[in-house]
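Colleague: here are the coordinates; sequence isn't available:
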């Protein structure tokens with residue numbers, strides 16, 4: 001406990017009030033939100049198939065999908081409405097690469113901003129020594145800015161594609177029972 005008190009006493013917490021430290025703390029917070037919202041996402045859609053013969057109808061077909069959005073592995077069973085039982089269908093698309101890239105950049109940004117904040121607070125003298133600390137920090141920040149831009153753009157496109165692939169009207173087009181006029185299918 002004595003070591004922790006000495007370490008805290010040696011820190012210059014005023015750095016957190018300066019733009020240098022404050023922006024790193026904001027980056028840390030945004031990185032948490034970025035990987036938490038994408039990495040912890042769970043979605044669900046519900047469709048209904050009302051067969052003409054009414055015996056095979058299923059009015060509550062629930063389809064659940066989660067991060068990393070490998071939709072081609074998400075399956076669900078639907079009635080065929082022709083007396084042959086049920087058929088297993090899969091959603092279309094694999095959007096895991098853009099989602100995983102976005103989450104990876106967010107995690108690395110989280111770790112870097114946490115490490116940089118610790119350096120700013122506890123090792124301020126070493127950071128400013130020889131001007132190497134600020135230069136390295138600047139280069140890493142530029143690289144992370146570019147990677148954030150690229151990963152956010154990739155994930156925006158991936159999210160748009162996930163929305164299209166999980167649109168209930170698009171999912172209904174996959175079902176053979178919904179292609180027959182006598183059956184009614186609705187989201």
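Modeller: Right, received. Where do you want to start? A quick note: this is a predicted structure, and the numbers were derived from the prediction, not measured.
Colleague: residue closest to the middle of this protein?
Modeller: Note on the chain: the residue nearest the mean C-alpha position is residue 38, at 1.9 Å, using CA atoms, centre = their mean.
Colleague: Name the single longest helix found in the protein.
Modeller: In the chain, assigned by DSSP state H, the helix with the most residues is helix 132-165.
Colleague: what's the least confident helix or strand in the chain, going by average pLDDT?
Modeller: For the chain, counting by mean pLDDT, DSSP states H and E, helix 2-10 ranks last in confidence among helices and strands (a mean of 62).
Colleague: Mind checking what helix or strand follows that helix in sequence?
Modeller: With elements assigned by DSSP states H and E, the helix or strand that comes after helix 2-10 is helix 19-39.
Colleague: now the angle between helix 132-165 and the helix or strand just after that next one, please.
Modeller: As assigned by DSSP H and E, the chain's next helix or strand after helix 19-39 is strand 42-50. Following axes from the mean of the first three to the mean of the last three CA atoms, to 10 degrees, one obtains 10 degrees for the angle between strand 42-50 and helix 132-165.
Colleague: What strands line up against strand 42-50, and which way round?
Modeller: strand 58-66 (antiparallel), strand 184-186 (antiparallel) (DSSP bridges).
Colleague: Can you mark which positions in the first one are buried?
Modeller: Buried residues in strand 58-66, defined by neighbour count with 16 or more other CB atoms under 10 Å: 58, 61, 63, 65. For the C-beta atoms, the positions are set from N, CA and C on the backbone; glycine is no exception.
Colleague: can you redo these as CSV with pLDDT?
Modeller: CSV is the format used below for the buried residues of strand 58-66 (pLDDT from 0 to 100):
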residue, pLDDT
58, 88
61, 94
63, 95
65, 96
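Colleague: how about CSV for those, with distance to residue 159 added?
Modeller: Formatted as CSV, the buried residues of strand 58-66 follow (distance: CB to CB, whole Å):
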residue, distance to residue 159
58, 29
61, 24
63, 18
65, 12
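Colleague: Looking at these, which is nearest residue 177?
Modeller: residue 58 (9.3 Å; CB to CB).
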